[in-house]
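[1] Turn this into a model:
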Amino acid sequence: MTLTDSEMDYIMGILGREPNELEEGMLDIMFSEHCSYKSSRPILGLFPTEGENIIIGPGDDAGMVAITDKLALAVGIESHNHPSAIEPYGGAGTGIGGILRDIISMGAMPIALLDSLRFGPLEDQKSRYLFEHVVKGISDYGNRVGVPTVGGEVEFDESFRTNPLVNVMCAGLVEKDKIVRGIAPNVGDVFLLMGGMTGRDGIHGVTFASEELTSDSEIEDRPAVQVGDPFTKKKVLEASLEILEKIDVAGVKDLGGGGLTCCISEIVDKCGNGAVVDLNSIPLREEGMTPYEIMLSESQERMVFSINPKYVEKAFAICDKYEIPRAIVGQVTDTKLMVIEDSSIEDNNNNKIAEDNIEDNNNKEIAEGNIEDNNLIVNNNIKETYGKPIASMPTVLLADPPSLNRETRKPKKDERYIQVENPSIDESILKILSSPNIATKKWVYKQYDHEVQVRTIVKPGDDASVLKVDDEKAVVLSCDCNSIHTKLSPYDGGAGSVAEAIRNVVSMGGEPYAVVDCLNFGNPENPEILWQFKQCVQGMADLAEKFNTPVISGNVSFYNETEGIKINPSPTVGVVGVADLNNIRTMHFRNKGDKIIIIGGTFDEIDGSEYHRAVHGIEQGEAPKIRINNEIASAKAVLKLLNEDPGEFKGKENNITAIHDCSAGGIAIALSEMALSGNLGGEIDLAKIPINKNNDNHEISDNNILFSESHGRYILTVKAEALNDVLATVSALNVQCACIGEVKGNALKLSNDIKIAVEDLKNAYNGVIEKYMA
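    Predicted structure coming up:
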């Protein structure tokens, strides 16, 4: 049990008695960090959550954003970090399963998966093992279910050696008038449990995810890892969508972390209702399961629907058609209590709830702020519908535990700074390109079916994923994080992660609509970790608000450390954008003679760069500053150019022929990626790059100009005859821009002394991960 003494005092004050074993187990999971967000809730309130296109914000299984007059997109993101560290194949697979169920629970058909993965160095055998089996788990599950994995990112860093991160984002389409929510509003409705059967796997999965890993976790915590079944999930998906189509469903929610306890208590509490659960009606996979095991199990592929009893026969028929177990396991009541009943108990003296004690409920001040009418909510007037009550608690006690105002403290900055000697620029470019963090991730995405459902317009490997919605519109999805920047400067790193994800959407021609996030940090009981978290959230919130991209869904994963070894703080950010099909562009050089322009200014911001990590093996200094107004102005300039471009996707008449954002590796790597992906060279005049000097007014070296990771920058190629109009349009918006070169030849020439053949760029960039995984 992870309940603290103060939490037990709070619980006993509400109940007026001690909880029995079953109740304590149910409360233990609902008070866990994973379910309650007790450490993060006071800080997450900083996020903007409402906006023009937002239909549903945080609080449901997924956010919902309008993308056309008829259609909405359900979007969510989840972590499965601890399970993947213990059992990488199953942990990653069940992570996919969980986020798919979240999207289905909104009434949407999943159309895309993206994964953000972090591991230790590939030189480490254990890290390679985790990497291989996580990717295979994602691949096998997603491919078998029939949902394309269309994008994501992978990072390798020493800080993730013992704590890999597996974050999964999913999006699904639904007609606006067919959206459903995780609620149970109607007293008398029944709970239809369908899908996988309930077993002993995943018990205490949420409390396991709310503690640090140890060197013994791989053995001791393995039972807490759920067991996924993609074939059952496929049937559950199809059956769920048919139920939603043919039955007037009041609400639906998947059984993820916390199992039946979490699912049912939350959907009734949202509506101020109660629930009675018939323990003996729950289909079990194993014999001899105790009430404790049944209510805490996190067995996969299960869904609960709240429906009118008159629809039960029709719902059963649909489930039978897909050959999946189904049962009515309880009903919605007006008691505001979560009651578990067991018809197998004849003599209930040893198990009965302390009925006499529960009536003594004068300690109202304990529940102040959480429970409006304590005398009404805590009562023992329960009709024994299914059997003897073996647990009875206010739903609000389970669904809305008190949050914590933990101490935060700014950590002492490491003032040591290593002065490095820069090697030749061409040598550094090739070394960075051959870093596993920059090199092609084809080894990963070639294992994924990214074209199933036939919506994918731009395949993996570009700045973002693009999926066709109708004959005019596409959705653009990105998933990004910069853990080093966030470690060095949490505010700028958090804001910068949002900015990078937005730039990737804009680079593909999409207008950013909304943000989802998965915030991966260490132990929140450490004041310095929570200070990092708060600063990061503040930076993300500031940029999201000014960009009018509300945060509509998310997840917090704390305790990502093992015996004192902490991960780099990692705010994974997903951005949803909408694009006209004619505005979609890709990164690769297309035509000889096209002019290369850069939008946005470069500062001397080499600290925290991929150059420092890949070439010198250091992480030090201050991360690049986020300049929100500059970021917004640059993005609007790109979108304006696309809206005024008379061409179409891949059309020969396009004036704007390619777009790529500048992020990891800076200008040098952005240009290299454009050249090698288009198999064309380019000639660059470094003197033309717009430079912004720092306060000390010192000159910026060519090395730092090329590898600085300043935000707010895009590289575009344009037809020569359109160059002056393009530059004039951008300049009129008071955005820095310049023509810095031309697409030409078969080498990337950055000066008279720096010239790298495109073939050499490709050789450095390709096959890196394959060599490690051979």
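[2] Would you confirm that I432 contacts S609?
    No - counting by CB atoms under 8 Å, I432 does not reach S609; the two are 9.1 Å apart. Using the backbone N, CA and C atoms, a C-beta is placed for each residue, glycine as well.
[3] what's the overlap in contacts for these two?
    The contact sets of I432 and S609 overlap at G665, F707 (CB atoms under 8 Å, 6 or more residues apart in numbering).
[4] I'd assumed V730 was in a helix, is it?
    Yes - judged by DSSP: H, G, I helix; E, B strand; the rest coil, V730 forms part of a helix.
[5] where's it relative to T562, distance?
    48 Å (CB to CB, to the nearest Å).
[6] do the same with E759
    43 Å.
[7] mind saving the C-alpha coords of the helix or strand where I669 lies as CSV?
    Here I669 sits within helix 666-678, counting by DSSP states H and E. What follows is helix 666-678, C-alpha atoms only, in CSV (Å, rounded to 0.1, in the frame of the first residue of the first chain):
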residue,chain,number,x,y,z
GLY,A,666,20.7,23.8,-36.4
ILE,A,667,21.0,25.2,-39.9
ALA,A,668,23.7,22.8,-40.9
ILE,A,669,21.7,19.7,-40.2
ALA,A,670,18.5,21.2,-41.7
LEU,A,671,20.2,21.9,-45.0
SER,A,672,21.9,18.5,-45.0
GLU,A,673,18.6,16.7,-44.5
MET,A,674,17.0,18.7,-47.3
ALA,A,675,19.8,17.9,-49.6
LEU,A,676,20.2,14.2,-48.9
SER,A,677,16.4,13.6,-49.0
GLY,A,678,16.2,15.4,-52.4
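[8] The stretch 301-450 of the chain: helices as residue ranges?
    For the stretch 301-450 of the chain, the helices defined by DSSP state H, counting those that start in this stretch occupy 312-321, 355-358, 374-377, 395-399, 425-433, 442-445.
[9] Enumerate every residue touching H698.
    D604.
[10] now A738
    Per CB under 8 Å, 6+ apart, neighbours of A738: I597, I598, K688, I689, P690, L727.
[11] what sits against the fourth one?
    Meaning I689. I598, T602, I667, I705, A738, I740.
[12] before we move on, the earlier item: who does the helix holding I669 touch, helix- and strand-wise?
    helix 425-433, helix 610-611, strand 656-661, strand 682-684, helix 702-707, strand 714-718, strand 747-749, helix 758-765 (3 or more CB pairs under 8 Å, 6 or more residues apart in numbering; DSSP states H and E).
[13] where along the stretch 151-300 of the chain do the helices fall?
    Using DSSP H, counting those that start in this stretch, helices in the stretch 151-300 of the chain cover 205-208, 217-220, 230-246, 259-269, 291-296.
[14] Next, the buried residues of the longest one.
    In other words, helix 230-246. Residues 230, 232-241, 243-244 are the ones in helix 230-246 that count as buried (16 or more other CB atoms under 10 Å).
[15] Reformat the helices and strands packed on helix 666-678 into JSON lines and put distance to A499 next to each item.
    Converted to JSON lines, the helices and strands packed on helix 666-678 look like this (distance: least, CB to CB, whole Å):
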{"stretch": "helix 425-433", "distance to A499": "21"}
{"stretch": "helix 610-611", "distance to A499": "16"}
{"stretch": "strand 656-661", "distance to A499": "9"}
{"stretch": "strand 682-684", "distance to A499": "24"}
{"stretch": "helix 702-707", "distance to A499": "18"}
{"stretch": "strand 714-718", "distance to A499": "12"}
{"stretch": "strand 747-749", "distance to A499": "26"}
{"stretch": "helix 758-765", "distance to A499": "25"}
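[16] okay if I get these as a markdown table plus mean neighbour count and distance to A633?
    A markdown table is the format used below for those (neighbours: other CB atoms under 10 Å; distance: least, CB to CB, whole Å):
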| stretch | mean neighbour count | distance to A633 |
| --- | --- | --- |
| helix 425-433 | 20 | 28 |
| helix 610-611 | 24 | 25 |
| strand 656-661 | 26 | 15 |
| strand 682-684 | 21 | 24 |
| helix 702-707 | 22 | 21 |
| strand 714-718 | 26 | 11 |
| strand 747-749 | 21 | 28 |
| helix 758-765 | 19 | 31 |
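[17] Compare those and give me the one nearest T68.
    strand 656-661 (23.6 Å; CB to CB).
[18] Run through the neighbouring helices and strands of that closest one.
    Counting by 3+ CB pairs under 8 Å, 6+ apart, strand 656-661 packs on helix 490-507, helix 628-644, helix 666-678, strand 714-718.
[19] same thing but 10 Å
    helix 490-507, strand 595-599, helix 628-644, helix 666-678, strand 714-718 (3 or more CB pairs under 10 Å, 6 or more residues apart in numbering; DSSP states H and E).
[20] what's the most buried one of the ones you listed?
    Burial of the helices and strands packed on strand 656-661 is given as mean neighbour count (mean count of other CB atoms under 10 Å); helix 490-507 ranks first at a mean of 29.
[21] Follow the chain on from that helix and name the next helix or strand.
    Taking DSSP H and E, what comes next after helix 490-507 is strand 511-520.
[22] So between V730 and T562, which is more surrounded?
    Legend: neighbour count by other CB atoms under 10 Å for V730 and T562, higher for V730 (25 against 18).
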